[in-house]
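J.: Below are the sequence and a predicted model for it; my questions follow.
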Amino acid sequence: MSGVTFELQATDGRARRGVIRTARGDIRTPAFMPVGTAATVKAMMPESVAATGADILLGNTYHLMLRPGAERVARLGGLHRFMNWDKPILTDSGGFQVMSLAELRKLTEKGVTFRSHVDGSKHELTPERSMEIQRLLGSDIVMCFDECPALPADRKRIAESMRLSMRWAERSKEAFGDRPGHALFGIQQGGLEPDLREESAEALRQIGFDGYAIGGLAVGEGQEAMFACLDFAPEQLPADRPRYLMGVGKPDDIVGAVKRGVDMMDCVLPSRSGRTGQAWTRRGQVNIKNARHADDPRPLDAQCTCPACRNYSRAYLHHVFRAGEMISGMLLTWHNLHYYQEIMAGMRVAISQGRFAAWEADFHAMRAQGDI
Ligand SMILES: Nc1nc2c(CCNCC3CCCCC3)c3[nH]c(NCCc4ccccc4)nc3cc2c(=O)[nH]1
Ligand SMILES: [Zn+2]
């Protein structure tokens, strides 16, 4: 840990509670990290994101290199200053976004060339350039430049892709250099194959990182296959470092991942679905645009303490969504992010009290009640 430390505080079964200490502040784990794609968590002021309980948010190498440009963000004082967020920021390395967003991609041993989905301009991402961009942004936790194979893929393709990512991890570490107070995380690949994931974990351990991500999941394999992989992958990674599961997920995915030893997660779901009227609550999902809410004076969730639930009725939320008012996305995003942080806080306390199993049972029982 180059000035960034991870303190394991409690375990309950395979679930862990801890804290990652960085120069810009502590991250309580298990942690959920809201996504701030283009230097903003969409529909949220930074103060509101902090009010939900988030200790860290995600920035995005791919989007910010295209617009406004990494060098420009650096000239303006870095991403924290630029977006008025002074807590930790983790940035993904851009590889995953290039493969899912850019056009005309060309993948070689050196890296990836592609055309911007913004204006069609040509760009190249390599391990070296990704490290430079994340340094220019001022990221506190930097991700290795990796390749995440699209599924379904045969074992040979998954093995070749994983080995490329391990060579890129070596180059990423070399290019990252020594940045006190900043961390570099490696990313495990290997699809759903225990032996390939073990090979990847061993390669990353040899190189040595401040934290280890579980990549290559939440790419269409489904919850059952993901959990089956999480039944072995976290323990393949060093126990004394944070384990970050990338791109996950729905509330029950998150609980199942923490149960299996994951410490950190990120997902666009709570913010993206909030903007479409999809609310995640302790009793399950509510689509506020459904006509049945038009006259409902009750709050979205009477037990929730977020501004949307404290100050507004379902009828109001239904109205502003149907009318396309900006406040609609703001309120539901705030609720969803607040609810996600409430789940994380609940699990942190439960793990410390040795009652994770009871907390998990309660979590699932509440969702089965229906009629929300
Ligand atoms: N390097 C890297 N990143 C991955 C990501 C991006 C994580 N979020 C970054 C974040 C940065 C800022 C902009 C947004 C993204 C993944 N996301 C998912 N599933 C998402 C599945 C999903 C879930 C809900 C909605 C859409 C897609 N699997 C992932 C695997 C990898 C991986 O192996 N390597
Ligand atoms: Zn709420």
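T.: Structure received. Keep in mind the model is a prediction, meaning the values are calculated, not measured. Ligands and ions are numbered 1, 2, ... in the order given.
J.: Spell out which parts of the stretch 201-350 of the chain neighbour ligand 1.
T.: Within the stretch 201-350 of the chain, the residues that sit near ligand 1 (C-beta under 6 Å from any ligand atom) are 215, 216, 217, 218, 219, 246, 247, 266, 267, 268, 269. Glycine gets a C-beta too; all of them are placed from N, C-alpha and C.
J.: So which of the residues you listed are in helices?
T.: Judged by DSSP state H, the subset of those located in helices is residue 269.
J.: Check for me that residue 235 belongs to a strand.
T.: No. Counting by DSSP: H, G, I helix; E, B strand; the rest coil, residue 235 falls outside a strand, being helix.
J.: number of nearby residues for it?
T.: Neighbours of residue 235 under the rule other C-beta atoms under 10 Å: 14.
J.: Then residue 173?
T.: 18.
J.: From ligand 1, how far off is it?
T.: 15 Å (C-beta to the nearest ligand atom, to the nearest Å).
J.: Apart from its neighbours in sequence, what residue is nearest that residue?
T.: residue 207 (5.2 Å; C-beta to C-beta, 6 or more residues apart in numbering).
J.: I'd say the one you found and residue 185 touch.
T.: No. Using C-beta atoms under 8 Å, residue 207 is not in contact with residue 185, being 11.4 Å away.
J.: Have a look at the two and say which one is more surrounded.
T.: Between residue 207 and residue 185, counting by other C-beta under 10 Å, residue 185 is the more crowded of the two (26 against 15).
J.: Angles on the backbone of the more buried one, please.
T.: phi -110, psi 140 (degrees, to the nearest 10).
J.: what about stretch 115-127 and ligand 1, any contact?
T.: No. Counting by C-beta under 6 Å from any ligand atom, no contacts exist between stretch 115-127 and ligand 1, the nearest distance being 11.1 Å.
J.: Okay, now that stretch: how far is its last residue from its first?
T.: 18 Å (C-alpha to C-alpha, to the nearest Å).
J.: mean confidence for it?
T.: Regarding stretch 115-127, the rounded mean pLDDT is 93.
J.: Now do the buried residues in that stretch.
T.: Going by neighbour count (16 or more other C-beta atoms under 10 Å), the buried part of stretch 115-127 is 116, 123, 125, 126, 127.
J.: got it, and stretch 239-254?
T.: Quick answer for stretch 239-254 (16+ other C-beta under 10 Å): 241-251, 253-254.
J.: and for the helix or strand where residue 105 lies, what are the contacting residues?
T.: For residue 105, the element it lies in under DSSP states H and E is strand 103-107. Outside strand 103-107, the residues within contact range by C-beta atoms under 8 Å, 6 or more residues apart in numbering are 98, 99, 112, 113, 114, 115, 117, 120, 147.
J.: Would you mind extracting the C-alpha trace of that strand into PDB?
T.: C-alpha atoms of strand 103-107 as PDB (Å, rounded to 0.1, in the frame of the first residue of the first chain):
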ATOM      1  CA  GLU A 103     -16.400   2.400 -32.600                       C
ATOM      2  CA  LEU A 104     -13.800   0.900 -34.900                       C
ATOM      3  CA  ARG A 105     -11.800  -0.600 -32.200                       C
ATOM      4  CA  LYS A 106      -8.500  -2.300 -33.000                       C
ATOM      5  CA  LEU A 107      -6.900  -4.400 -30.200                       C
END
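J.: need the next SSE after that strand, C-terminal direction.
T.: Following strand 103-107 toward the C-terminus (DSSP H and E): strand 112-115.
J.: Summarise which helices and strands the following helix or strand past that following strand is packed against.
T.: Sequence order places strand 122-125 as the next helix or strand after strand 112-115, per DSSP H and E. Strand 122-125 is packed against helix 61-66, strand 112-115, with contacts defined by 3 or more C-beta pairs under 8 Å, 6 or more residues apart in numbering; DSSP states H and E.
J.: hmm, 10 Å instead?
T.: Here strand 122-125 touches helix 61-66, helix 95-101, strand 103-107, strand 112-115, going by 3 or more C-beta pairs under 10 Å, 6 or more residues apart in numbering; DSSP states H and E.
J.: Highest mean neighbour count out of the ones you listed?
T.: Highest mean neighbour count among these (mean count of other C-beta atoms under 10 Å): helix 61-66, with a mean of 24.
J.: of all of the stretch 51-200 of the chain, which residue lies closest to ligand 2?
T.: residue 52 (9.9 Å; C-beta to the ion).
J.: roughly how far out does the one helix or strand residue 257 maps to sit from the chain middle?
T.: Using DSSP H and E, residue 257 sits in helix 251-259. Relative to the chain's own centre, helix 251-259 is displaced by 13 Å; criterion: C-alpha atoms, centre = their mean, to the nearest Å.
J.: send the alpha carbons of that helix over as CSV?
T.: Only the C-alpha atoms of helix 251-259 are listed here, as CSV (Å, rounded to 0.1, in the frame of the first residue of the first chain):
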residue,chain,number,x,y,z
PRO,A,251,-29.1,-4.9,-4.2
ASP,A,252,-29.3,-8.6,-3.9
ASP,A,253,-26.1,-9.0,-6.1
ILE,A,254,-24.3,-6.7,-3.7
VAL,A,255,-25.4,-8.6,-0.5
GLY,A,256,-24.4,-11.9,-2.1
ALA,A,257,-21.0,-10.5,-3.1
VAL,A,258,-20.3,-9.1,0.4
LYS,A,259,-21.3,-12.4,1.8
